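*Asks:* have a look at this fold, sequence not included:
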């Protein structure tokens with residue numbers, strides 16, 4: 001999974017805060033700077049985005065979990081997974097909205113995989129699935145890790161299950177039963193799935 005595949009931007013910014021006006025103004029400015037850095041990262045201006053995030057991380061609000069998550073996504077997108085990992089770990093210790101937490105867990109697992117730490121990737125997926133049971137992103141990552149680990153049948157069975165339960169589209173709908181049946185068959189060890 002490429003670094004660019006991580007962190008689809010689904011998070012809706014909420015800069016409201018019950019803090020005093022001075023702190024609220026500082027946080028609003030920081031979130032504005034984060035948004036700008038994210039836009040640069042998504043536009044492929046990685047050096048600019050990374051520079052902005054380095055400055056933000058050096059500021060007093062560096063432990064803000066949203067800042068750390070967004071910085072992790074930017075480092076990840078730039079191919080710098082080793083620097084993204086501790087940012088993801090730190091972000092998960094804070095209060096993140098669920099959509100962002102899902103993205104952080106997924107990208108953490110992907111980054112671990114990309115640096116050759118598949119056991120840690122699998123542990124991140126297990127933890128994420130305990131918090132978000134059935135989340136398709138984690139099932140897909142689990143399938144990728146199974147494939148990497150030499151378990152292609154388990155991988156295909158998992159992917160078929162994800163397709164059957166989560167992929168919408170008129171061309172697949174009439175065949176959903178097929179994906180479910182083949183997934184069960186592979187999981188039971190009754191042979192390879194036949195191609196469609």
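*Replies:* It's in. Fair warning: this is a prediction, and the values are worked out from it, not measured in the lab. Numbers count the residues shown, from 1 in each chain.

*Asks:* switch to C-alpha atoms for all contacts and neighbour counts from now on
*Replies:* Noted.

*Asks:* please state the offset of the helix or strand hosting residue 101 from the chain centre?
*Replies:* Secondary-structure element containing residue 101, defined by DSSP states H and E: helix 98-114. Put simply, helix 98-114 sits 3 Å off its chain's centre (CA atoms, centre = their mean, to the nearest Å).

*Asks:* could you give the mean pLDDT of whichever helix or strand comes after it?
*Replies:* The element immediately downstream of helix 98-114 (helix or strand, assigned by DSSP H and E) is helix 118-131. For helix 118-131, the mean per-residue pLDDT is 97.

*Asks:* show me what helix 118-131 is packed up against.
*Replies:* Packed against helix 118-131 by the contact rule (3 or more CA pairs under 8 Å, 6 or more residues apart in numbering; DSSP states H and E) you find helix 98-114, helix 136-148.

*Asks:* low-confidence bits of the protein, can you list those?
*Replies:* Filtered on pLDDT under 70, the chain yields the residue ranges 1-28, 60-62, 190-196.

*Asks:* and with 90 instead?
*Replies:* Along the chain, segments meeting pLDDT under 90 span 1-34, 40-44, 58-64, 134, 160-196.

*Asks:* residue boundaries of the helices in it?
*Replies:* Along the chain, counting by DSSP state H, helices occupy 21-42, 46-58, 65-77, 81-92, 98-114, 118-131, 136-148, 152-166, 176-188.

*Asks:* among these, which is the most enclosed?
*Replies:* helix 65-77 (a mean of 26; mean count of other CA atoms under 10 Å).

*Asks:* for that helix, packing partners?
*Replies:* helix 21-42, helix 46-58, helix 81-92, helix 98-114.

*Asks:* one more pass at 7 Å, please.
*Replies:* If contacts are counted by 3 or more CA pairs under 7 Å, 6 or more residues apart in numbering; DSSP states H and E, helix 65-77 sits against helix 21-42, helix 46-58, helix 81-92.
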